[in-house]
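In: Build me a model from this:
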Amino acid sequence: MGESREMKKSKQLCNGCRNDFYNYNIADGCWSFDNAKVVKRQRVGTWQPPPYKWNPEICLSCYHAVGYSMLEKNDCRIKI
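Out: Numbering: from 1, shown residues only. Next up, the predicted model:
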């Protein structure tokens, strides 16, 4: 089976990002949003030891979660 349909970029995907503050407190919003792409990444806590099982979530390419790393599928620490 193929991948599911691509999700459209929206500010909802910014929820939980440390830069989401700028979407509501600066007139033009977050400076990263315009160039961001919708991607699949694995959320990994800073306290978790590798290897990490690939269980991705959809987020923006600029997403930065506090206390977490967002790893790509080709990262050597990801086990599929």
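In: how long is stretch 7-22 from one end to the other?
Out: End-to-end distance for stretch 7-22: 22 Å, by Cα to Cα, to the nearest Å.
In: Could you give me the buried positions within that stretch?
Out: The neighbour-count check on stretch 7-22 (16 or more other Cβ atoms under 10 Å) flags Leu13, Cys14, Cys17, Asn19, Asp20, Tyr22 as buried. Quick note: C-beta positions are derived from backbone N, CA and C, even for glycine.
In: Once you drop chain neighbours, what's closest to the first one?
Out: Which is Leu13. The shortest distance from Leu13 to any non-neighbouring residue, by Cβ to Cβ, 6 or more residues apart in numbering, is to Leu60 (4.9 Å).
In: Neighbours of that neighbour, how many?
Out: 23 (other Cβ atoms under 10 Å).
In: Equivalent analysis for Lys73, please.
Out: Under the neighbour criterion other Cβ under 10 Å, Lys73 is assigned a count of 12.
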